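Engineer: sequence and predicted structure are below.
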Amino acid sequence: MAVYTDITETELRDFLEPYDIGELLSYKGIAEGVENSNFLVHTSAGSYILTLYEKRVDRNDLPFFLGLMEHLAQNGLTCPLPVHRRDGIVLGTLAGRPAAVISFLEGMWPRKPTPMHCREVGKAAAVLHVSGRGFQRNRANALSVGAWRALWDQSASRADEVEAGLGAEIQTDLDHLEGNWPQGLPSGVIHADLFPDNVFFLGEELSGVIDFYFACNDLFAYDIAICLNAWCFERDGAFNVTKGMALLDGYQSVRPLSGAEADALPLLAHGAALRFFLTRLYDWLTVPDGAMVVKKDPREYLRYLRFHRKIGSAGEYGLRMGEAG
Ligand SMILES: Nc1ncnc2c1ncn2[C@@H]1O[C@H](COP(=O)(O)OP(=O)(O)OP(=O)(O)O)[C@@H](O)[C@H]1O
Ligand SMILES: N[C@@H](CCO)C(=O)O
């Protein structure tokens, strides 16, 4: 359970007092997620999510994340809305952490994504990219290629605990990705963590996207690369090209890719796999004492990055240029 910081009922009642969301009836920690502490809060007015922002979230970034949710919701993407207090403020402090209340979104995330889910998430990613265009704030991607070496350095000495001989392999990847990372591709606001557990469905309908706490300005195609990793591999580590095709067709039904974006996709997918491998590895080796959190296995992403190294062109992911429908 990702509850790094616990709260008492009294603290919560005091925190909720400036909001117009009725009387507190119950609350409980949410047994999912690895980044922040989340609570489901029931009041006489309905259900809400209370988030206490933890280690990877910089308080100065919160106006970007919370403002972005409002902007996207107003421009065609279904996502949670931050709840404003009576004085208009959306960000407070609870148990020493920055904290916000956001609206509760109905739906379930897909435990076994199908090509239908992949097509819908591809579409939603493109809608997000297009809807984000007028958003006035900017946030650099703190976990892009320039940050990976420092992240690796924090784990490198213990990486053999995960797999012997990993050091040289990851160094080679870092050199290759740093030396070849594309410049000048179309960019804007990206989600940067669009995994199945952040996308809700009601039946076959995508009912909303959550968890904007890695959102940033970066290459649109990098967001697609993250999705290919998160949605299109099977449990046995095999890439499912039918899912890849569905995801890329779904994306291109809203925003077609340029030739340069298509050419860059294998490298971006390789980089995306390394990014999630590195954060998982760091957490695997250093998760805080006392936290109840299900750690994610870095080896899953090690398999993926080994796969991407061998990809010659985006067609191998199922990309069809000029013929998506
Ligand atoms: N607006 C919402 N409506 C309904 N449920 C939500 C909402 N926000 C969060 N949740 C629930 O809380 C869980 C964790 O939320 P979230 O993914 O934002 O946490 P996190 O710690 O940032 O996780 P992650 O590991 O995905 O980064 C979700 O899987 C979902 O069950
Ligand atoms: N989606 C991430 C965790 C949250 O950043 C992962 O699966 O590693």
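Structural biologist: Ah, there it is. Being a predicted model, the structure only gives us computed values, none of them experimental. Numbering: from 1, shown residues only. Ligands and ions are numbered 1, 2, ... in the order given.
Engineer: am I right that Val57 is in a helix?
Structural biologist: No: assignment of Val57 by DSSP: H, G, I helix; E, B strand; the rest coil gives coil, placing it outside any helix.
Engineer: isn't it up against Asn36?
Structural biologist: Yes: with contact defined as Cβ atoms under 8 Å, Val57 counts as touching Asn36 (6.6 Å). In short, each C-beta sits where N, CA and C put it, glycine included.
Engineer: which one of the two is surrounded by more residues?
Structural biologist: The neighbour comparison of Val57 against Asn36 (other Cβ atoms under 10 Å) goes to Asn36, with 22 against 18.
Engineer: any idea how far Ser103 is from the more buried one?
Structural biologist: Applying Cβ to Cβ, to the nearest Å, one obtains 16 Å for the distance of Asn36 from Ser103.
Engineer: domains in this structure, by residue range?
Structural biologist: 9-103, 115-317 (automatic domain parsing).
Engineer: end to end on the last one, go ahead and measure it.
Structural biologist: Yep, that's domain 115-317 we're talking about. 13 Å (Cα to Cα, to the nearest Å).
Engineer: circling back to that earlier point, pick the most buried one from the domains of the chain.
Structural biologist: Most buried of those, by mean neighbour count (mean count of other Cβ atoms under 10 Å): domain 115-317, with a mean of 18.
Engineer: is it correct that His84 falls within a helix?
Structural biologist: No: checked against three-state DSSP, His84 lies outside a helix; its state is coil.
Engineer: what helix or strand does the residue nearest to it when sequence neighbours are not counted sit in?
Structural biologist: Spatial nearest neighbour of His84, excluding adjacent residues (Cβ to Cβ, 6 or more residues apart in numbering): Val90 at 5.5 Å. Assigned by DSSP states H and E, Val90 belongs to neither a helix nor a strand.
Engineer: likewise for Val101?
Structural biologist: Per DSSP H and E: strand 97-103 holds Val101.
Engineer: for the closest residue to Glu204 other than its chain neighbours, which three-state class applies?
Structural biologist: Nearest non-adjacent residue to Glu204, counting by Cβ to Cβ, 6+ apart: Met116, 6.1 Å away. Following three-state DSSP, we place Met116 in the helix state.
Engineer: just to check, Met116 is in contact with Gly203?
Structural biologist: No: using Cβ under 8 Å, Met116 makes no contact with Gly203, being 10.4 Å away.
Engineer: name the residues contacting each of the two.
Structural biologist: Counting by Cβ atoms under 8 Å, 6 or more residues apart in numbering, Met116 and Gly203 have no common neighbour.
Engineer: from ligand 2, how far off is the nearest residue to Cys227 once chain neighbours are set aside?
Structural biologist: Closest residue in space to Cys227, ignoring its immediate chain neighbours: Leu194 at 5.3 Å, by Cβ to Cβ, 6+ apart. According to Cβ to the nearest ligand atom, to the nearest Å, Leu194 and ligand 2 sit 9 Å apart.
Engineer: does Leu194 count as helix, strand or coil?
Structural biologist: coil.
Engineer: same question, Glu32
Structural biologist: coil.
Engineer: got the confidence number for it?
Structural biologist: On pLDDT, Glu32 comes in at 81.
Engineer: and it, how far from Ala269?
Structural biologist: Taken as Cβ to Cβ, the span from Glu32 to Ala269 is 26 Å.
Engineer: okay if I get the domains of the chain as a markdown table plus distance to ligand 1?
Structural biologist: Converted to a markdown table, these look like this (distance: least, Cβ to the nearest ligand atom, whole Å):
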| stretch | distance to ligand 1 |
| --- | --- |
| domain 9-103 | 3 |
| domain 115-317 | 3 |
